[in-house]
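>>> Just need the structure, nothing else, for what follows:
(2 chains)
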Amino acid sequence: KAGVTQTPRYLIKTRGQQVTLSCSPISGHRSVSWYQQTPGQGLQFLFEYFSETQRNKGNFPGRFSGRQFSNSRSEMNVSTLELGDSALYLCASSQRATSNTGELFFGEGSRLTVL
Amino acid sequence: ILNVEQSPQSLHVQEGDSTNFTCSFPSSNFYALHWYRWETAKSPEALFVMTLNGDEKKKGRISATLNTKEGYSYLYIKGSQPEDSATYLCAFISDYKLSFGAGTTVTVRA
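Numbers count the residues shown, from 1 in each chain, chains lettered A, B, ... in the order given. As a prediction, the model looks like this:
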């Protein structure tokens, strides 16, 4: 059974650009959630999608957005990049929505560097 | 933002020794607590999902307990091995949101 796949694994952008990250969940998983990890910080919750609907959102500015497709694949987009957006972005999938205590399966992450 | 704290931030353990560390979380509106192990250059891996006060879970040499009334969970590693070296994260679920602690980094010395 294939795990959670995130692409791209590494990318470098400049301030003001935008970026789109992709996450393919484990087959059969309907929940995808996104997290940001910056140096010295724990994992910060960005948002969760379940069956193409955003269930909840963390405390991030509107520049961070996401969506989920009918095949459960998810994308997150960050517009007008800032230096502080440099981070490891992890996605996780689950059979059930997080609010239903679904165990999370994480991808390897996308490491974004903003210059 | 929910305040989930883990202590200590890091610890060094001699191979064969046992150790434990803490995750503290708000005692109100508890829904579930997750523990994850995150090894360097790998993805976080789920250890336990705990939902009931008094829950005790075990996976090999690793076990966890949960006290929702006082807002803490302990993770125990018995007879630490070098492969136990990792960052251990707890995550608290409340109001449909998941909040992670900053983690406890365990280094097991041979």
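>>> Run a quick neighbour tally on the closest residue to B:Glu83 other than its chain neighbours.
Of all residues not flanking B:Glu83 in the chain, B:Val108 sits nearest, at 7.9 Å (Cβ to Cβ, 6 or more residues apart in numbering or on different chains). C-beta coordinates here come from the backbone N, C-alpha and C atoms, glycine included. Number of residues near B:Val108 (other Cβ atoms under 10 Å in any protein chain shown) recorded here: 20.
>>> A:Ser79 now?
Neighbour tally, A:Ser79, other Cβ under 10 Å: 15.
>>> mind listing what the closest residue to it other than its chain neighbours touches?
Excluding its sequence neighbours, the residue lying closest to A:Ser79 (Cβ to Cβ, 6+ apart) is A:Gln18, at 4.4 Å. The contact partners of A:Gln18, by Cβ atoms under 8 Å, 6 or more residues apart in numbering or on different chains, come to A:Asn77, A:Val78, A:Ser79, A:Thr80, A:Leu81.
>>> For PyMOL, write a command that selects the buried ones of these.
Buried residues within those, by 16 or more other Cβ atoms under 10 Å in any protein chain shown, are selected in PyMOL with:
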select buried, chain A and resi 78+81
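>>> Turn the contacts of A:Gln18 into JSON lines, columns for secondary structure and pLDDT.
Below are these laid out as JSON lines (DSSP: H, G, I helix; E, B strand; the rest coil; pLDDT from 0 to 100):
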{"residue": "A:Asn77", "secondary structure": "strand", "pLDDT": "98"}
{"residue": "A:Val78", "secondary structure": "strand", "pLDDT": "98"}
{"residue": "A:Ser79", "secondary structure": "coil", "pLDDT": "96"}
{"residue": "A:Thr80", "secondary structure": "coil", "pLDDT": "97"}
{"residue": "A:Leu81", "secondary structure": "coil", "pLDDT": "98"}
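>>> can you tell me how far A:Ser94 sits from B:Gly103?
Between A:Ser94 and B:Gly103 the computed distance is 20 Å (Cβ to Cβ, to the nearest Å).
>>> re earlier: okay, the residue nearest to A:Ser79 and B:Glu5: tell me how far apart.
A:Gln18 is 35 Å from B:Glu5, where distance means Cβ to Cβ.
>>> now do B:Leu52
As judged by Cβ to Cβ, B:Leu52 and B:Glu5 stand 22 Å apart.
>>> Of those two, give the one with the bigger neighbour count.
B:Glu5 (15 against 10).
>>> Report the helix or strand with the lowest average pLDDT across chain B.
strand B:97-100 (a mean of 87; mean pLDDT, DSSP states H and E).
>>> okay, the following helix or strand past it in CSV with CA atoms only?
Moving toward the C-terminus from strand B:97-100, the next helix or strand (DSSP states H and E) is strand B:104-109. Taking C-alpha atoms only, strand B:104-109 is exported to CSV below (Å, rounded to 0.1, in the frame of the first residue of the first chain):
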residue,chain,number,x,y,z
THR,B,104,10.7,15.7,23.4
THR,B,105,13.9,14.7,21.6
VAL,B,106,15.3,11.5,22.9
THR,B,107,18.9,10.5,22.2
VAL,B,108,19.9,7.0,23.3
ARG,B,109,23.7,6.5,23.8
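>>> show me the contacts for the spatially closest residue to A:Arg63 that is not a sequence neighbour.
Nearest residue to A:Arg63 in three dimensions, chain neighbours excluded: A:Ser79, at 4.9 Å (Cβ to Cβ, 6+ apart). A:Ser79 makes contact with A:Gln18, A:Arg63, A:Ser65, according to Cβ under 8 Å, 6+ apart.
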